[in-house]
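K.L.:
would you be able to build a 3D model of this:
(chains A and B)
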Amino acid sequence: MKTMTKAAKWTLIPIRAISRLKQRESRAFGLRSLALAGLTIGLLSSCTLLDSKPTNEQITQLMKQSFAERGDAKLDRLDQSELQRVCSDYTGKEVPKAVKEKLEQAALASVRYPTDGKYLGDFKSGERIAQSGVGLQFSDAKGTVAGGNCYACHQISKQELAYGNIGPTLYNYGKLRGDSEAILKYTWARIYNAHAFNACNSMPRFGAAGILTEAQMKDVMALLLDPKSPVNQ
Amino acid sequence: MKTIATKAAIGQSVIAFSPHSAFKFALFALGLGVAAMVGAQPKDSTEAEIEKYRQMLQDGNPAELVSLKGEGLWKKKQGPKQASLELCDLGLGPGIVKGANAQLPRYFADGDAVMDLETRIVHCMVTIQGLDRNKVTARPYSGAGQSATDMEALVAYVVEESRGMKINVPQQHAKEREAFARGEKIFYFRGGPYDFSCASCHAVDNQRIRLQGLPNLTKTEPAQKAFASWPAYRVSQGALRTMQWRIYDCFRQQRFPELKYLSPASVDLITYLGARANGGVMETPAIKR
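P.N.:
I've put the predicted structure just below:
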């Protein structure tokens, strides 16, 4: 059910998303702090459904006692962001519309588009990034370049059969959608911070959380959108 | 074409097919064979072939050897007090191993805490045998190509004695219920650079990472099957892996910091998963890819 909704969102031309991108340009960045303030008020009123359970603060404290820092994996990874806390509380439940919209606005405001205005890099490098699942684990050697691990959850090129199905298929992504400026911007934002379009979905915020560099993101974009990419054959 | 095991791992963990035993090598070759077949098949038959591979694994479980070693250790007089673990109360009374793990974690009055199997074994090693807690917990998991640690061996023995028994993780004591409530929150706790929680992978039916199926642990039947099959012998690592290890490695892939052995969060989470699995039938130690 959840998967179908996600898939449907991807398949349709994202009109809502594009109009929101335009809105964002006309609004100031101050929107973000306003959204967070509103979110806090929204949260206070929704907390009653959790009253018989341990508090988020207690759980964070318990988690910090239970983990040890190793390599780049520090204990601050257990300090939940507003987004993480709200999405934890609403996993498997409907996120109230107002709360969801505020999260989505804040997520969209976090997106930084390529400084040189170019969206597409090298699709062959993009394929390697999509295949690689290393990076950010406490077991990774220092300086390990993180991959995107896209195949863990998505079908992408037809050649790779070992793909997961948590996310929708991305095969023929560019062929089906074209490479208009609107599609480029939408796809970039979706990879950068997917919560901009569907708050509390499962996809990591590859740009906003600093998982992939701008150059890596361009390569993954090319894998999806370059007409020569195996994805679009 | 890489092996199924490699492809299935979200974090591409180091896979150790150590050729030191012919048996393991044969399984490895088998895995490659299946993986090669997979390459030529469409999706549905891919899953069928993986299921066939899993079936073939059931023929012989090297965990039996680990469990034999564990039985020896359990009955051996050790430590400053020269006592054996046969005096250890795993919840059903001193010396009773049969069926004990099907009812763990549980509250123990002597420690005034909820303990999972591994916490309880360490508790007994310290109190009955007089061993040093830091020493016995220093290296709980075997590395690539190493033989089982004492803890892995003891776990293999105890859980084998619960094979075929009904899971019945108690929720009578207030502290057992508190552990469950905290475990539930931990299951849904999103954090780290990937924003993952346990539920990111284990709350929807029929999901896969690469080719690895992900049980929906929010539903009774898959929750029972999953809990019933850990600890397990993991063929791709040539090692018996304990429940503490299972949780530890999930958090590694979630990009969290390193879970401490026997930490309160680990016990709470195992309590939650165990009590949710009540009514299932233990298949431990299982054998997995």
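
K.L.:
next up, phi/psi of A:Tyr186, please.
P.N.:
The phi and psi values for A:Tyr186, taken as degrees, to the nearest 10, are phi -60, psi -50.

K.L.:
then A:Gly126?
P.N.:
As for A:Gly126, its main-chain torsions (degrees, to the nearest 10) stand at phi -60, psi -40.

K.L.:
next up, the contacts around the residue nearest to it when sequence neighbours are not counted.
P.N.:
Taking C-beta to C-beta, 6 or more residues apart in numbering or on different chains, and ignoring the residues beside it in sequence, A:Gly126 has A:Leu223 as its nearest neighbour in space, at 3.2 Å. In short, each C-beta sits where N, CA and C put it, glycine included. Going by C-beta atoms under 8 Å, 6 or more residues apart in numbering or on different chains, A:Leu223 touches A:123, A:126-127, A:129-130, A:156-157, A:229, A:231.

K.L.:
and the residues you listed, which of them are in helices?
P.N.:
Among the contacts of A:Leu223, the members found in helices (DSSP state H) are A:123, A:126-127, A:129-130.

K.L.:
among the residues you listed, name the buried ones.
P.N.:
Of the members of those, the ones counted as buried by neighbours, 16 or more other C-beta atoms under 10 Å in any protein chain shown, are A:123, A:126-127, A:129-130.

K.L.:
what's the closest of those to chain B?
P.N.:
Ranking those by separation from chain B, with C-beta to the nearest C-beta as the measure, puts A:Ala130 on top at 12.1 Å.

K.L.:
isn't the closest one up against A:Val220?
P.N.:
Yes - assessed by C-beta atoms under 8 Å, A:Ala130 is found in contact with A:Val220 at 6.3 Å.

K.L.:
anything in contact with each of these two?
P.N.:
Applying C-beta under 8 Å, 6+ apart, one finds that A:Ala130 and A:Val220 are jointly contacted by A:148, A:150.

K.L.:
what sits against the closest residue to A:Gln216 other than its chain neighbours?
P.N.:
By the measure of C-beta to C-beta, 6+ apart, the closest residue to A:Gln216 outside its immediate chain neighbours is A:Ile129, 5.4 Å from it. Under the criterion of C-beta under 8 Å, 6+ apart, the contact list for A:Ile129 reads A:147-148, A:150, A:212, A:216, A:219-220, A:223.

K.L.:
can you pick the most crowded of these?
P.N.:
When those are compared by neighbour count (other C-beta atoms under 10 Å in any protein chain shown), A:Leu223 ends up highest, at 30 neighbours.

K.L.:
give me the three-state assignment for it.
P.N.:
helix (DSSP: H, G, I helix; E, B strand; the rest coil).

K.L.:
next: B:Arg208.
P.N.:
Look at B:Arg208: counting by three-state DSSP, its state is strand.

K.L.:
ditto for A:Ala208
P.N.:
In the three-state summary, A:Ala208 is assigned as coil, counting by three-state DSSP.

K.L.:
how many other residues sit next to B:Arg177?
P.N.:
Counted with other C-beta under 10 Å, residues neighbouring B:Arg177 total 16.

K.L.:
meant to ask about A:Pro96
P.N.:
With other C-beta under 10 Å as criterion, A:Pro96 counts 14.

K.L.:
can you put the contacts of A:Leu223 in CSV and add distance to A:Ala98 and pLDDT?
P.N.:
Putting those into CSV (distance: C-beta to C-beta, whole Å; pLDDT from 0 to 100) gives the following:
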residue, distance to A:Ala98, pLDDT
A:Phe123, 40, 98
A:Gly126, 37, 98
A:Glu127, 40, 98
A:Ile129, 36, 98
A:Ala130, 35, 98
A:Ile156, 35, 98
A:Ser157, 40, 97
A:Ser229, 39, 98
A:Val231, 37, 98
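
K.L.:
possible to save these as JSON lines with distance to B:Pro105?
P.N.:
Formatted as JSON lines, these follow (distance: C-beta to C-beta, whole Å):
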{"residue": "A:Phe123", "distance to B:Pro105": "50"}
{"residue": "A:Gly126", "distance to B:Pro105": "45"}
{"residue": "A:Glu127", "distance to B:Pro105": "45"}
{"residue": "A:Ile129", "distance to B:Pro105": "41"}
{"residue": "A:Ala130", "distance to B:Pro105": "40"}
{"residue": "A:Ile156", "distance to B:Pro105": "41"}
{"residue": "A:Ser157", "distance to B:Pro105": "45"}
{"residue": "A:Ser229", "distance to B:Pro105": "50"}
{"residue": "A:Val231", "distance to B:Pro105": "47"}
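
K.L.:
between the residues you listed, which is nearest B:Pro222?
P.N.:
Nearest to B:Pro222 among the contacts of A:Leu223 is A:Ile156, at 27.3 Å by C-beta to C-beta.

K.L.:
OK, contacts around that closest one?
P.N.:
A:127, A:130, A:150, A:163, A:170-171, A:173, A:223-224, A:231.

K.L.:
from the residues you listed, which is closest to chain B?
P.N.:
Ranked by distance to chain B (C-beta to the nearest C-beta), those are led by A:Tyr163 at 6.7 Å.

K.L.:
tell me the SS of the closest one?
P.N.:
Assigned by three-state DSSP, the conformation of A:Tyr163 is coil.

K.L.:
okay, it: pLDDT?
P.N.:
A:Tyr163 is assigned 97 on the pLDDT scale.

K.L.:
that one contacts A:Ser157, doesn't it?
P.N.:
No - the pair A:Tyr163 and A:Ser157 does not pass the contact test of C-beta under 8 Å, sitting 9.0 Å apart.

K.L.:
what segments of chain A are strands?
P.N.:
If you assign secondary structure with DSSP state E, the strands in chain A sit at A:67-68.

K.L.:
show me the shaky parts of it.
P.N.:
With pLDDT under 70 as the threshold, chain A has low-confidence stretches at A:1-52.

K.L.:
quick one, which of A:Tyr163 and A:Ser157 is more surrounded?
P.N.:
Comparing A:Tyr163 with A:Ser157 by neighbour count (other C-beta under 10 Å), the higher total belongs to A:Tyr163, at 24 against 20.

K.L.:
need phi/psi at the more buried one.
P.N.:
Dihedral angles for A:Tyr163 - degrees, to the nearest 10 - are phi -120, psi 150.

K.L.:
same check, this time on B:Gln78
P.N.:
Note on B:Gln78: its backbone torsions stand at phi -140, psi 170 [degrees, to the nearest 10].

K.L.:
neighbours of it, just the number please.
P.N.:
Under the neighbour criterion other C-beta under 10 Å, B:Gln78 is assigned a count of 17.

K.L.:
can you tell me the helix or strand for the residue nearest to it when sequence neighbours are not counted?
P.N.:
Spatial nearest neighbour of B:Gln78, excluding adjacent residues (C-beta to C-beta, 6+ apart): B:Gln129 at 5.3 Å. Assessed by DSSP states H and E, B:Gln129 sits outside every helix and strand.

K.L.:
test my guess that B:Gly70 contacts B:Ala153.
P.N.:
Yes - here B:Gly70 reaches B:Ala153: they are 3.6 Å apart, a contact under C-beta under 8 Å.

K.L.:
which parts of stretch B:94-105 are buried?
P.N.:
Counting neighbours by 16+ other C-beta under 10 Å, one finds that the buried residues in stretch B:94-105 are B:97, B:99-105.

K.L.:
which residues does the residue in chain A that chain B sits nearest to contact?
P.N.:
At 3.5 Å from chain B, A:Ser66 is the closest residue in chain A, using C-beta to the nearest C-beta. Contacts for A:Ser66 were tallied using C-beta under 8 Å, 6+ apart; they are B:259-260, B:263-266.

K.L.:
who's in contact with A:Gln84?
P.N.:
Taking C-beta under 8 Å, 6+ apart, we find A:Gln84 in contact with B:190-191, B:195.
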